[in-house]
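A.B. asks: pasting the structure only:
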């Protein structure tokens, strides 16, 4: 398929967005399909970027070389083997090949000094890429048993943001966010925590040594929270 892009669009920062490979019953043949919620590329475009959807299997170096910034999108659970843990029964729908591909994208983007934004699963994978660990199932992990919602449901709650963090420059010291996850970051590795929920769960991370390397547990694209995505696009210029 040939995608025609206006010449003026190529002047915009190119924002690579990761997608997921999922098996769906299309035409009863069970083909694997590349999937990404539309609000990801939509909000990037609204914020002045040119969204480019990246699919697993593409050479990580080539993918990163074609973009000016990277969004690691939400999606399935991360394979606990990625951070040296055995799975609990509630960990499901893992795809190790996707984990390895996205970790390679993050590594390549860091080497090139590109801005990176991790969202939900991407937030968790950013922690793993910096040597961190995850809570595999919050409903059975005190004190997070009542944290948010998951299984396709959404809830909303407030996060407190660390003063003088890069995230505070974007959102201030608090923000109302959405929640749709059953896993979370337990150890941020060498990243710095920039936001927590009322129950203490890590909701945001950043690398202060870099221009823009940040992750959030919530979904700014679903909230229409343009400030974070706009900051990524500006950092890519």
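C.D. replies: Structure's in. What do you need? As the structure is a prediction and not an experimental result, all values here were calculated from the model. Residues are numbered from 1 along each chain as shown.
A.B. asks: Show me the helices in the protein, by range?
C.D. replies: Taking DSSP state H, the helices of the chain run over residues 39-46, 60-65, 96-112, 121-129, 166-171, 220-223, 226-235.
A.B. asks: Okay, angle between the first one and helix 226-235 too, please.
C.D. replies: In this structure, helix 39-46 runs at an angle of 60 degrees to helix 226-235, with axes from the mean of the first three to the mean of the last three C-alpha atoms, to 10 degrees as the basis.
A.B. asks: Quick one: mean pLDDT for helix 39-46?
C.D. replies: Averaged across helix 39-46, pLDDT comes to 97.
A.B. asks: Pull the contacting residues for residue 224.
C.D. replies: With contacts defined as C-beta atoms under 8 Å, 6 or more residues apart in numbering, residue 224 is in contact with residue 43. C-betas here are computed from N, CA, C, even on glycine.
A.B. asks: do you know how far it is from residue 178?
C.D. replies: Separation of residue 224 from residue 178 (C-beta to C-beta, to the nearest Å) stands at 10 Å.
A.B. asks: List the buried residues for stretch 69-77?
C.D. replies: By neighbour count with 16 or more other C-beta atoms under 10 Å, stretch 69-77 contains the buried residues 69-77.
A.B. asks: And these, which is closest to residue 54?
C.D. replies: The shortest approach to residue 54 among those belongs to residue 70, at 8.2 Å (C-beta to C-beta).
A.B. asks: The helix or strand of the chain with the lowest mean pLDDT pairs with which strands, parallel or anti?
C.D. replies: Ranked by mean pLDDT, DSSP states H and E, the weakest helix or strand in the chain is strand 20-23, scoring a mean of 83. Using DSSP bridges, strand 20-23 pairs in its sheet with strand 32-35 (antiparallel).
A.B. asks: Now do the strands in this structure.
C.D. replies: For the chain, applying DSSP state E gives strands covering 14-18, 20-23, 32-35, 50-54, 69-72, 116-119, 133-135, 155-161, 174-179, 184-187, 192-197, 202-206, 213-216.
A.B. asks: In CSV: those strands, plus distance to residue 126.
C.D. replies: Shown next, in CSV, are these (distance: least, C-beta to C-beta, whole Å):
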stretch, distance to residue 126
strand 14-18, 12
strand 20-23, 17
strand 32-35, 21
strand 50-54, 16
strand 69-72, 7
strand 116-119, 4
strand 133-135, 11
strand 155-161, 17
strand 174-179, 17
strand 184-187, 9
strand 192-197, 12
strand 202-206, 6
strand 213-216, 4
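A.B. asks: among the ones you listed, which is nearest residue 83?
C.D. replies: Evaluated over these, closeness to residue 83 peaks at strand 133-135, with 5.2 Å, by C-beta to C-beta.
A.B. asks: Output the contacting helices and strands for the closest one.
C.D. replies: Packing contacts for strand 133-135, counted by 3 or more C-beta pairs under 8 Å, 6 or more residues apart in numbering; DSSP states H and E, involve helix 121-129, strand 184-187.
A.B. asks: That'll do, ta.
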